[in-house]
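Participant: sequence plus predicted model, see below.
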Amino acid sequence: MTAISPSSIAASLLPALGQQVAAGNGRLFADGAQPGKAGAAGQQSGERDASGKALAGTSKAELSAEEQRKVTELAARDREVRAHEAAHANVGGVYAGAPTYSYTRGPDGRNYAVGGEVSIDVSPVAGDPQATINKAQLVRRAALAPAEPSPQDRSVANQAIAMEQQARAELQAEKRANGEPGSNPVLGAVSITASTVFEPGEIIDELI
């Protein structure tokens, strides 16, 4: 389980479908900043810090107006990052890992999440095209689950589309080999294309 890296759709992705994205799985860099060494332990620590339970920090009365403004911005960013990553993890289910975060320390002495990622498995289910189709559809939904998917998220969605297309082609080939009716590859082909992911004129608000 790893993180999402940019890639192209369809044929250019198909040779890599047997692997996991970025030399392992698919890493969803949902919020721009790449996590450091914090990991799960850092995540727990950061949650305590941001909530004020682990660090006493500096009281607001001791902060300047500019510092208070910065703390307010960091707190909002922290909530946004956590909600974004939680959306990936909740929809991804068994194929998604736990969110990990990168932090920055605010003027109040507390740590705030400013970036994060969720790992997601984008490898096909060996020998089972239908299971691969189901998995690809779930991965695509997980990638696009946040209110504002990042370009990295959309890249993973594209990989899931390519994986589904390949699996549908394999399923049709199996049906033809078995002489089953309704094995027209055109009728069985997935209708989702990149245009359903990248809408014309769409503004992508990637978190930085």
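Facilitator: It's in.

Participant: Ser64 versus Ser123, what's the distance?
Facilitator: 51 Å (CB to CB, to the nearest Å). The C-beta positions use only the backbone N, C-alpha and C, and glycine is treated the same way.

Participant: my error: substitute Val139 in the last question.
Facilitator: Val139 sits at a distance of 46 Å from Ser64 (criterion: CB to CB).

Participant: over to Thr100?
Facilitator: Between Thr100 and Ser64 the computed distance is 32 Å (CB to CB).

Participant: who has more neighbours, the two?
Facilitator: Neighbour totals were compared for Thr100 and Ser64, and Thr100 leads with 24 against 9 (other CB atoms under 10 Å).

Participant: you'd agree that one is up against Gly116?
Facilitator: Yes - counting by CB atoms under 8 Å, Thr100 touches Gly116, with 6.3 Å between them.

Participant: just checking, what packs against the longest strand along the chain?
Facilitator: Criterion DSSP state E: the longest strand present in the chain is strand 111-120. Strand 111-120 sits against strand 26-28, helix 39-51, helix 65-92, strand 100-105, helix 129-143, with contacts defined as 3 or more CB pairs under 8 Å, 6 or more residues apart in numbering; DSSP states H and E.

Participant: now the second one: mean pLDDT?
Facilitator: Taken as a whole, helix 39-51 has an average pLDDT of 45.

Participant: and what of the third one?
Facilitator: Here helix 65-92 scores 97 as its mean pLDDT.

Participant: quick check: the gap between Met163 and Val125.
Facilitator: Using CB to CB, Met163 is found at 10 Å from Val125.

Participant: scratch that, Ser119 is what I was asking about
Facilitator: Ser119 is 18 Å from Val125, by CB to CB.

Participant: neighbour-wise, which of the two wins?
Facilitator: Set side by side, Ser119 and Val125 show more neighbours around Ser119, with 26 against 15, by other CB under 10 Å.

Participant: read off the pLDDT value for that one.
Facilitator: Note on Ser119: pLDDT of 96.

Participant: what's the answer for the one 4 residues further on, then?
Facilitator: On pLDDT, Ser123 comes in at 96.

Participant: and the one 3 residues further on, by the same measure?
Facilitator: pLDDT for Ala126: 95.

Participant: before we move on, which element is it in?
Facilitator: For Ala126, there is no host helix or strand (DSSP states H and E).

Participant: just give me the neighbour total for it.
Facilitator: Neighbours of Ala126 using other CB under 10 Å come to 8.

Participant: return the backbone torsion pair for it.
Facilitator: Phi and psi for Ala126, reported as degrees, to the nearest 10, are phi -60, psi 130.

Participant: name the helix or strand of this protein that has the lowest mean pLDDT.
Facilitator: One helix or strand of the chain scores below all others by mean pLDDT, DSSP states H and E: helix 21-24, with a mean of 34.

Participant: what's the average pLDDT for stretch 145-163?
Facilitator: For stretch 145-163, the mean pLDDT works out to 96.
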